[in-house]
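Asks: Here you go, sequence then predicted model.
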Amino acid sequence: MSRIGKELIVMPSGVSAKFENNTLTVSGPKGTLSQTIDSEIRTIIDGQNLSFEIATESATSNAKHGLYRALAHNMVVGVSEGFTKTLQISGVGYKASVSGNKLVMNLGFSHPVEVEIPSDLKVTCPSATEVTISGADRQKVGQFASKIKYIRPVEPYHGYGIKYSDEVVIRKVGKTAGKGKK
């Protein structure tokens, strides 16, 4: 039995869950999320408690037990509190702004880069060099943040590019040849 899978999920007030046709649906103030659950795992909803048990033993049932419990926990947290990722932009003239349903970024290319914002995510720019992505679905928030970061990854010599706010960039030392050495 999985250590993570054994843990009970206590749903906060305002959050409800229902399970039918192998689909778990969690609703709350931030929205509604659903996830298909494998038939090897039994879902138990008891009032405001949600738990999972292994229905049939197999080689992968232990891993699936923990997986579906973690996915369900992320759904409960997402519809009650939501998830947020913050990106920082550094570089001379690099900046970002939200225009309608597009994120417009100047990143040193010959043209501004426009990225379509998914309808279920909220993107804000508290400053010209900071982008905040928030939403109920943890996977979509992380995937969109990764997509933006991929446009201009941080280069190690000057630190120019897009990075997560909690990411540490290992800087490299440049060449020293020709700078006063004889």
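Replies: Looks like it arrived, so ask away.

Asks: Quick one: the helices in the chain, in order.
Replies: Taking DSSP state H as the criterion, the chain carries its helices at 3-6, 61-80, 138-151.

Asks: Tell me which of those helices is the most buried.
Replies: Sort the helices of the chain by mean neighbour count, taking mean count of other Cβ atoms under 10 Å, and helix 61-80 sits at the top with a mean of 19. No exception for glycine: its C-beta is placed from N, CA and C like everyone else's.

Asks: Show me what the mean pLDDT comes to for stretch 165-177.
Replies: Stretch 165-177 comes out with an average pLDDT of 88.

Asks: start to end distance for it?
Replies: By Cα to Cα, to the nearest Å, the extent of stretch 165-177 from end to end equals 34 Å.

Asks: quick thing: my sequence starts at 598, can you match it?
Replies: Noted, 598 is the first residue going forward, which turns the last one into stretch 762-774.

Asks: what's the distance between it and the middle of its chain?
Replies: Chain-centre distance of stretch 762-774: 26 Å, with Cα atoms, centre = their mean, to the nearest Å.

Asks: what's that stretch in contact with?
Replies: By Cβ atoms under 8 Å, 6 or more residues apart in numbering, the surrounding residues in contact with stretch 762-774 are 683, 684, 685, 727, 751, 753, 754, 756, 760.
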